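> I would like the atomic coordinates for the input below:
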Amino acid sequence: MKNNKVILLTGASSGIGYDTAVALAQQGHKVYAAARRVERMEPLRQYGIVPLKMDVTDEASMKAGVQTLLDAEGRIDVLINNAGYGYFGAVENVPMDDARNQLEVNVFGLARLCQLVLPTMRAQHSGRIINTASVAGRAVFYYGGWYHVSKYAVESLSDAMRMELKPFGIDVVIIEPGAIKTNWGIIAADHLIESSKGTAYEQTGTMMANNLRNMYLSNTISDPAVVRKAIVRAVNARRPCTRYRIGRMANAIVFFHWLLPTRWWDAFLRLGCFRHAGGMLSSASWENVN
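Numbers count the residues shown, from 1 in each chain. Coordinates of the predicted model:
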């Protein structure tokens, strides 16, 4: 990998994506920052970053964005798939259009961008793909069904691509955050209330949503900087790790999910999520969903 890399980063209009774009540009990398709301990325130009209007559910915009980068630079060294969101709700309740959109953004958009950059990376015989997954791709929690489907899929696709692309000199890296203090939890909580309203899941769904919102408004979860630092390490490492698991309790959640028999895990979550005394919720089971 070259010291100064040409990088395409999605989900760059705010939060972790925005901060990561700045950090990489300040290190001398040429960063193309992609998102739907391109106006939010205009301040990035002061760092030499090129904003790209891109919707990962729109084929034409993805093709145009990649082609713009290749026309200007003639190569692409790193693709960072950071765009994504979480739609929470009982599987019975989530409209199929919303379920499909969850997969379009978190899985199919990611996969299509990989397809678009891989011919160039193979011709270079070098490249790196960094996919933002989650510990939600390693363990399932209440009311996160479709989000977990998407993140398990990112894990599987990344593992498959890592094996397929190794002969071409291309690395595939997975970022697995736990709970990170961003607006993600607030948005997921709003989706959960919306999908549960007027259904058999309304009472527990509302409690879980309130619990999730309170946790993400608290100071008990990890700072977004841990994700930015992990992505930057993955970009710069001569030989990157296959997985960077980061954030509060992330390793513990994966370990106990592996250790406990399935029914024990289910019971552990139920006891943790639904306290019979007053029906209050414990935040423990939600600490690492991102």
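
> Only C-alpha atoms from now on, for both contacts and neighbour counts.
Will do.

> quick one: the helices in the stretch 151-290 of the chain?
184-196, 202-217, 225-236, 250-259, 262-273 (DSSP state H, counting those that start in this stretch).

> Quick one: those as JSON lines, columns for mean pLDDT and distance to Arg37 too.
Below are the helices of the stretch 151-290 of the chain laid out as JSON lines (pLDDT from 0 to 100; distance: least, CA to CA, whole Å):
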{"stretch": "helix 184-196", "mean pLDDT": "83", "distance to Arg37": "17"}
{"stretch": "helix 202-217", "mean pLDDT": "80", "distance to Arg37": "24"}
{"stretch": "helix 225-236", "mean pLDDT": "94", "distance to Arg37": "21"}
{"stretch": "helix 250-259", "mean pLDDT": "82", "distance to Arg37": "31"}
{"stretch": "helix 262-273", "mean pLDDT": "75", "distance to Arg37": "36"}
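
> Highest mean neighbour count out of these?
With neighbours taken as mean count of other CA atoms under 10 Å, the helices of the stretch 151-290 of the chain reach their highest mean count in helix 184-196, at a mean of 22.

> so how far is Asp77 from Arg128?
6 Å (CA to CA, to the nearest Å).

> Equivalent analysis for Val154, please.
Distance, Val154 to Asp77, using CA to CA: 20 Å.

> and the residue lying closest to Glu104 once chain neighbours are set aside, which of the three is it?
Leaving aside its sequence neighbours, Glu104 sits nearest to Thr57 (CA to CA, 6 or more residues apart in numbering; 5.9 Å). Using DSSP: H, G, I helix; E, B strand; the rest coil, the structure places Thr57 in coil.

> tell me the phi and psi of Thr57?
Main-chain dihedrals, Thr57, degrees, to the nearest 10: phi -100, psi 0.

> from what I can see it touches Val105, true?
Yes. Counting by CA atoms under 8 Å, Val105 is a contact partner of Thr57 at 5.9 Å.

> List the contacts of the spatially most central residue of the chain.
Residue closest to the average C-alpha location in the chain (CA atoms, centre = their mean): Thr132, at 3.9 Å. When contacts are counted by CA atoms under 8 Å, 6 or more residues apart in numbering, Thr132 is found next to 80-82, 154, 174-176.

> Please apply the same query to Ile16.
Counted by CA under 8 Å, 6+ apart, Ile16 has contacts 224-225, 227-228.

> Work out for me the element it sits within.
Taking DSSP states H and E as the definition, Ile16 sits inside helix 15-26.

> What residues sit buried inside that helix?
Going by neighbour count (16 or more other CA atoms under 10 Å), the buried part of helix 15-26 is 15-25.

> Same list (the residues you listed) but as JSON lines, adding pLDDT and distance to Pro95.
Shown next, in JSON lines, are those (pLDDT from 0 to 100; distance: CA to CA, whole Å):
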{"residue": "Gly15", "pLDDT": "87", "distance to Pro95": "28"}
{"residue": "Ile16", "pLDDT": "89", "distance to Pro95": "29"}
{"residue": "Gly17", "pLDDT": "92", "distance to Pro95": "28"}
{"residue": "Tyr18", "pLDDT": "93", "distance to Pro95": "31"}
{"residue": "Asp19", "pLDDT": "94", "distance to Pro95": "33"}
{"residue": "Thr20", "pLDDT": "96", "distance to Pro95": "33"}
{"residue": "Ala21", "pLDDT": "97", "distance to Pro95": "34"}
{"residue": "Val22", "pLDDT": "97", "distance to Pro95": "37"}
{"residue": "Ala23", "pLDDT": "97", "distance to Pro95": "38"}
{"residue": "Leu24", "pLDDT": "98", "distance to Pro95": "38"}
{"residue": "Ala25", "pLDDT": "97", "distance to Pro95": "40"}
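
> In terms of distance to Asn214, which of those ranks first?
Nearest to Asn214, judged by CA to CA, of the buried residues of helix 15-26 is Gly15 at 19.1 Å.

> and the closest residue to the closest one other than its chain neighbours, how far is that from Asp223?
Spatial nearest neighbour of Gly15, chain neighbours left out: Thr182 (7.1 Å); criterion: CA to CA, 6+ apart. Between Thr182 and Asp223 the computed distance is 8 Å (CA to CA).
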